[in-house]
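Participant: I need the structure of the sequence given here:
(chains A and B)
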There are 2 protein chains.
Amino acid sequence: MNTLWNKYPFIYSELENVVDIMKNNAVNREKTIENSLLDLINSGGKLLRPAFLIVSAGFGNYVSEKFCNLAAVVEMLHMATLVHDDIVDDAKTRRGNQTIQSKYGKDYAVFMGDLLFSRCFMLLSSNTSMENMKLLSEAIFNICTGEIEQFSSQFSKEVSVKKYLKRIAAKTAALFSISFYVGSAESGCSKEVVSNLSKIGYDIGMAFQIIDDILDYTGQADLVGKPVGNDLKEGIYTLPLIYALKADKTSSLEKLLKNEYTDEDVCKIIDITDKLGGIDNARALAKRYTKRSFDRIAKLPDCDNKNILRELAEMLLSRKY
Amino acid sequence: MNTLWNKYPFIYSELENVVDIMKNNAVNREKTIENSLLDLINSGGKLLRPAFLIVSAGFGNYVSEKFCNLAAVVEMLHMATLVHDDIVDDAKTRRGNQTIQSKYGKDYAVFMGDLLFSRCFMLLSSNTSMENMKLLSEAIFNICTGEIEQFSSQFSKEVSVKKYLKRIAAKTAALFSISFYVGSAESGCSKEVVSNLSKIGYDIGMAFQIIDDILDYTGQADLVGKPVGNDLKEGIYTLPLIYALKADKTSSLEKLLKNEYTDEDVCKIIDITDKLGGIDNARALAKRYTKRSFDRIAKLPDCDNKNILRELAEMLLSRKY
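Facilitator: Have a look, this model is predicted:
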């Protein structure tokens, strides 16, 4: 279990249940499938989406079994997108471990992701309403559209802040928001609380992805669990670079952009991006999203989970990995 | 529309509705997505699964809109598996057209398949019961397991008839069977009729896949719409070869099996497989499945669709593409 949760014994123990549910769902007559799923489950992901679903459900009538099942679904959906993401990025490592695509090949990873998706819908059909089923499939649909938009704008210098935000909203914030929605709606919270929590999820998700993209510029590979400068090499231009390009009066940065990068190029681009204020400006926007989530959290009914939400949003903003 | 349906005006016109529904579901703000989905929809697939769903629904209370939507879902699920299948097979053409993976790249194809899957579940959540949702996700789960088993036994001379049948049951017959099930169950057929139609779907699906695998040995590339000998080159050993290996007393065939094949190797293997009776024996098994479906069809309540089912099963057995 990620050390993040040591401070919160209830979340910790519920996430242990979530992990057990995922392990039960990994059982397969084909042992390669089972083992690679267990590798994924044991790889020490932060389990943020399931944790947020559980915390949100705490604002209503919490029933452990039901919400742990739903929490397992959102994490497995996330895992499925990661498996497919790693194919596209040709990623060798994820969370410090070898990726499925690099260990077993891309072919295998394609169907492992599909298998995870279908397993999620199998689990969902026993644990949620049609309405939520629809929302979750829409979320995946949006993630896919976001991903496709991402590589159809690969190596393009024309990515605007607006386009970037739209992309990460689809790619990341949607599933965060849905996790908050499902937790609160299924536990019978009032419409107002459900709507507020869904927006909090969206804001936290946006801040989370911006920080993630910043860490690709500033992180240490051993902490982040994947190589730094990876997005850049893949031609995925994220917020720090987009802001830096806007501030780049002499076009010194723009001139460095091409269709392939060496490690040296990457270092140089990161350096100039930083000097042009790209990283600071990106961090400022992540702070604004977090601040907006704080304002919304303040309006939630008083309970322990309210403070936990605030602490988590704050921690995600200042994280180093 | 495939000429297959010219004989059946009602199915023909309902399939036109199905195609329209699929086209409506292809609309996307990202035009590359929309166009590649339209390419897929217009590529002239046989639309067997949706047709069988519609024919099965005719045994109960048929409601056009509902069943055309469900029929669109099973075809889109099938399309999604094809898109991902083509990545794994590195297939250049499918139904005579360039595949998504070859036209836009594997990365794109990964998320296009996911996008189709999620769209199916979005459509499903407005048109079916949780029970059917569960069955359909189980079917995809089985397809994925079957696919993974297929390439974990790639180039293995140890594939038995039993293993092969298990693989094609998961890979193909499951979705055929589900199409029959969904059509009959949702139209309010009796339990007996639903169970019988599901089994008929399974048998027709098994026969269909065996014939498909035979066509990889005997077909003409321009008719089949994909290169012949493809499975063999990919190290996927199907029923004709499995039967031939069993009959191969002198190991002349086994000696030819290796990890890479030239066109010349493929011709030689096909020739020996045929001489050893592999193709005839495989065709005999497809006939047995079709015969079993006839026996089951005979027990269905009398109606026009009963004859149509019989004709379709017969036609699929004797098809040349």
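Participant: so which bits of the helix or strand where residue A:197 lies are buried?
Facilitator: Using DSSP states H and E, residue A:197 sits in helix A:191-218. For helix A:191-218, a neighbour-count test (16 or more other CB atoms under 10 Å in any protein chain shown) marks A:193-194, A:196-218 as buried. Heads up, the C-betas are built off the backbone N, CA and C, glycines and all.
Participant: avg pLDDT for stretch A:143-158?
Facilitator: Per-region confidence: stretch A:143-158 scores 79 on mean pLDDT.
Participant: ok, now stretch A:62-75?
Facilitator: Average pLDDT, stretch A:62-75: 94.
Participant: state the distance from the closest residue to residue A:151 other than its chain neighbours to residue A:104.
Facilitator: Closest residue to residue A:151 apart from its sequence neighbours, by CB to CB, 6 or more residues apart in numbering or on different chains: residue B:107 at 5.8 Å. Computed as CB to CB, to the nearest Å, the residue B:107 to residue A:104 distance reads 18 Å.
Participant: tell me which of these two has more neighbours.
Facilitator: Counted by other CB atoms under 10 Å in any protein chain shown, residue B:107 and residue A:104 do not tie: residue B:107 has more neighbours, with 23 against 20.
Participant: looking at this, that one is in a helix?
Facilitator: Yes. Assessed by DSSP: H, G, I helix; E, B strand; the rest coil, residue B:107 belongs to a helix.
Participant: hang on, it packs against residue A:85?
Facilitator: No. With contacts counted by CB atoms under 8 Å, residue B:107 stays clear of residue A:85, the gap being 9.8 Å.
Participant: so which residue of the stretch 201-321 of chain A comes closest to chain B?
Facilitator: The nearest approach of the stretch 201-321 of chain A to chain B comes at residue A:234, 9.9 Å away (CB to the nearest CB).
Participant: what pLDDT is listed against that residue?
Facilitator: We have a pLDDT of 84 for residue A:234.
Participant: what is the neighbour count of it?
Facilitator: For residue A:234, the neighbour count with other CB under 10 Å is 19.
Participant: buried residues, stretch A:287-305. List them.
Facilitator: Buried, per 16+ other CB under 10 Å, within stretch A:287-305: A:289, A:290, A:292, A:293, A:296, A:297, A:300, A:305.
Participant: I'd like to know the average pLDDT value across that stretch.
Facilitator: What stretch A:287-305 shows for mean pLDDT is 96.
Participant: and it, how far out from the chain's middle?
Facilitator: A distance of 20 Å separates the centroid of the chain from that of stretch A:287-305, by CA atoms, centre = their mean, to the nearest Å.
Participant: which residues are contacting it?
Facilitator: The contact list for stretch A:287-305, computed with CB atoms under 8 Å, 6 or more residues apart in numbering or on different chains, reads A:55-56, A:58-59, A:193, A:196-197, A:199-200, A:203-204, A:206-207, A:210, A:306, A:309-310, A:313-314, A:316-317.
Participant: next: stretch A:51-61.
Facilitator: Here stretch A:51-61 makes contact (CB under 8 Å, 6+ apart) with A:5, A:11, A:14-15, A:18, A:62, A:67-68, A:70-71, A:74, A:176, A:179-184, A:186-189, A:193, A:197, A:201, A:204, A:300-301, A:303-305, A:308-309, A:312.
Participant: swap the cut-off to 6 Å and go again
Facilitator: Residues from elsewhere that reach stretch A:51-61, judged by CB atoms under 6 Å, 6 or more residues apart in numbering or on different chains: A:11, A:14, A:67, A:71, A:74, A:179-180, A:182-184, A:187-189, A:193, A:197, A:305, A:308.
Participant: in helices only, show me those.
Facilitator: When DSSP state H is applied, those are split such that A:11, A:14, A:67, A:71, A:74, A:179-180, A:182-184, A:193, A:197, A:305, A:308 fall in helices.
Participant: chain B contacts on chain A?
Facilitator: Selection of chain A residues close to chain B by CB under 6 Å from any CB of the partner chain yields A:30, A:32-33, A:84, A:87-88, A:107, A:110-111, A:114-115, A:117-119, A:121-122, A:125, A:130, A:133-134, A:137-138, A:140-141, A:144, A:147-149, A:151-152.
Participant: what's the neighbour count on residue A:255?
Facilitator: Residue A:255: 9 neighbours (other CB under 10 Å).
Participant: just the pLDDT for it.
Facilitator: 90.
Participant: what's the answer for the one 3 residues further on, then?
Facilitator: pLDDT, residue A:258: 84.
Participant: roughly how far does it sit from residue A:271?
Facilitator: To residue A:271, residue A:258 is 17 Å away according to CB to CB.
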